[in-house]
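Trainee: model the following, please.
(one chain, ligands or ions: 1)
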Amino acid sequence: MSWLETGWRHVWLPYAQMQTAPLPLPAMRTEGSRIFLEDGRVLIDGIASWWTAAHGYNHPHIIGAVAAQLERMPHVMFGGLGHEPAYQLATRLAALLPGALNRVFFTDSGSVAVEVAIKIAVQARLNRGERGRTKVLAFTGGYHGDTLGTMAICDPEEGMHAMFTGLLPEHPVIPLPREAASIAGFEAFLEREHQSLAAIIVEPLVQGAGGMVLHPSEVLRRLRQAADHYGLTLIFDEIFTGFGRTGTMFAFEQAGVAPDIITLSKALTGGTSPLAATIATDELFDAFLSDSPMTALMHGPTFMANPLGCAAANASLDLFETEPRLAQAAAISAQLARELAPCRGLPGVKDVRMLGAIGVVELERIENPAALRQALVRQGVWIRPFRNILYLTPALTIAADELSALTGAIRAVLAG
Ligand code: PLP
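Mentor: Numbers count the residues shown, from 1 in each chain. Have a look, this model is predicted:
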């Protein structure tokens with residue numbers, strides 16, 4: 001019996017009904033935009049492992065940096081000890097982000113980075129003596145993670161708010177203010193409820209895991225204006241959109257407005273190891289300064305600022321400086337537009353949209369997701385449809401012919 005069949009009795013897979021889930025494909029090796037399976041098949045990867053592998057897999061510059069760090073010091077606790085990879089990374093992230101976003105808190109996953117953002121926004125007020133402002137305004141269709149705190153600010157249905165009533169904290173979740181009715185609803189809500197709110201959280205330009213739904217940059221400017229008007233902390237969750245995915249280094253650049261807190265993860269390490277960062281303004285940081293230990297930020301994951309992750313992230317930032325990632329994202333965007341456009345005429349296709357290096361084909365419905373997945377694998381590609389969408393978020397380094405293989409596979413399976 002293979003390791004896969006033996007281990008199958010013991011692993012519990014993500015987002016899977018284990019009674020019916022098929023055996024996963026045995027991945028043995030990766031390189032660039034390719035996944036090599038144990039049985040000799042090679043798949044072209046359309047997802048870059050949940051949007052992390054921005055530079056493709058196994059980029060030698062990242063591998064070299066991580067290998068050197070592994071020899072020197074794989075890990076050391078962050079409480080009381082400092083290490084150069086983290087201090088250097090914090091300095092570089094602060095330099096990349098607009099003026100006041102200067103304080104970096106490292107964690108080990110996107111969900112936890114969002115939890116920390118919420119904690120900072122709420123505790124900053126408590127530290128200043130403002131009580132009762134503990135709610136975060138979030139938006140339908142949003143996704144911010146799977147921990148209990150973040151589920152509570154996800155889309156109510158996807159976050160299973162009804163099923164987990166009593167367990168999840170309660171936060172308001174309303175439609176994004178994007179056209180007249182939702183703008184009016186948003187404004188009325190804020191006017192009525194702002195005194196209970198600490199923050200507003202949004203995924204800028206694209207709600208990713210909620211269905212790859214795009215919104216125009218005016219929405220972000222509207223949120224910034226409202227946050228300023230009511231004195232709320234504006235959190236941009238760029239865990240999906242950060243590091244070139246939407247065509248600019250960060251999505252908020254396209255709106256010309258900056259948040260008070262930004263959360264980053266996924267492509268932060270170029271998809272090499274788990275690391276996340278919550279970056280806050282000086283003003284928020286200053287709210288934690290006092291003579292009392294009671295106003296300190298009480299958070300500190302065991303593997304906080306893991307040196308391997310920080311070395312990978314520094315190497316990834318080197319690559320953004322030395323290789324033309326944003327130009328590559330623009331080329332991907334143009335190619336996606338050309339090659340996915342013909343899907344518009346295919347039966348069952350509801351919408352085709354793209355932004356930066358994200359291409360989405362939305363279907364009326366997917367009757368049999370398992371069969372569709374298998375059909376895509378038979379085409380030699382790794383694309384994982386979810387709900388009613390097929391999407392591509394390839395490595396920014398993907399070759400034009402590899403991207404054509406991905407778009408061609410989508411067209412072929414849809415054409416039947
Ligand atoms: N926020 C956004 C926008 C995400 O896309 C994700 C993951 O998909 C998360 C948060 C959660 O990150 P993680 O899965 O690392 O906890």
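Trainee: for the rest of this, base every contact and every neighbour count on C-alpha atoms.
Mentor: Noted.
Trainee: burial of the nearest residue to Ala199 once chain neighbours are set aside, as a residue count?
Mentor: The shortest distance from Ala199 to any residue that is not its chain neighbour, by CA to CA, 6 or more residues apart in numbering, is 4.4 Å, and that residue is Thr233. Other residues near Thr233 number 27, with proximity taken as other CA atoms under 10 Å.
Trainee: tell me who's in contact with Thr233.
Mentor: Taking CA atoms under 8 Å, 6 or more residues apart in numbering as the criterion, Thr233 is in contact with 121, 198-200, 227, 259-261.
Trainee: now render the residues you listed as CSV, adding pLDDT and distance to Ala184.
Mentor: Rendered in CSV, the data for those read as follows (pLDDT from 0 to 100; distance: CA to CA, whole Å):
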residue, pLDDT, distance to Ala184
Ala121, 98, 25
Ala198, 98, 21
Ala199, 98, 19
Ile200, 99, 17
Ala227, 98, 16
Pro259, 98, 22
Asp260, 98, 24
Ile261, 99, 26
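Trainee: and the residue nearest to Ala199, how far from the ligand?
Mentor: From Thr233 across to the ligand, the span is 17 Å (CA to the nearest ligand atom, to the nearest Å).
Trainee: enumerate the residues of this protein near the ligand.
Mentor: Proximity of the chain to the ligand, by CA under 6 Å from any ligand atom, involves residues 109-111, 143-145, 203, 208-209, 237-240.
Trainee: show me where the stretch 101-250 of the chain has helices.
Mentor: In chain order, the stretch 101-250 of the chain shows helices spanning 110-127, 148-151, 180-193, 217-230, with DSSP state H, counting those that start in this stretch as the criterion.
Trainee: residues contacting stretch 12-25, please?
Mentor: For stretch 12-25, contacts defined as CA under 8 Å, 6+ apart pick out 4-5, 8, 37.
Trainee: got the contact list for the residue nearest the centre of the chain?
Mentor: Within the chain, the residue whose C-alpha comes closest to the C-alpha centroid is Phe240; the distance, by CA atoms, centre = their mean, is 2.4 Å. Phe240 makes contacts with 51, 203, 208, 264-267, as judged by CA under 8 Å, 6+ apart.
Trainee: would TSV of the residues of the chain next to the ligand with pLDDT be doable?
Mentor: Written out in TSV, the entries for the residues of the chain next to the ligand read as follows (pLDDT from 0 to 100):
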residue	pLDDT
Ser109	98
Gly110	98
Ser111	98
Tyr143	97
His144	98
Gly145	97
Glu203	98
Gly208	96
Ala209	94
Asp237	98
Glu238	98
Ile239	98
Phe240	98
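Trainee: quick one: which of those residues is most hemmed in?
Mentor: Taking other CA under 10 Å as the neighbour criterion, His144 ranks highest of those with 32 neighbours.
Trainee: quick one, domains of this protein?
Mentor: Taking automatic domain parsing as the domain assignment, the record places the domains of the chain at 3-55+323-415, 62-322.
Trainee: so which of the contacts of Phe240 sit within strands?
Mentor: The strands in this structure, assigned by DSSP state E, contain Leu264 from these.
Trainee: closest to Gln379 among the contacts of Phe240?
Mentor: Distance to Gln379 across these (CA to CA) is lowest for Trp51, with 21.0 Å.
Trainee: that closest one touches Tyr391, doesn't it?
Mentor: No - here Trp51 does not reach Tyr391: they are 11.0 Å apart, not a contact under CA atoms under 8 Å.
Trainee: please enumerate the strands of the stretch 151-300 of the chain.
Mentor: Taking DSSP state E, counting those that start in this stretch as the criterion, the stretch 151-300 of the chain contains strands spanning 173-174, 197-202, 206-207, 213-214, 233-237, 261-264, 276-281.
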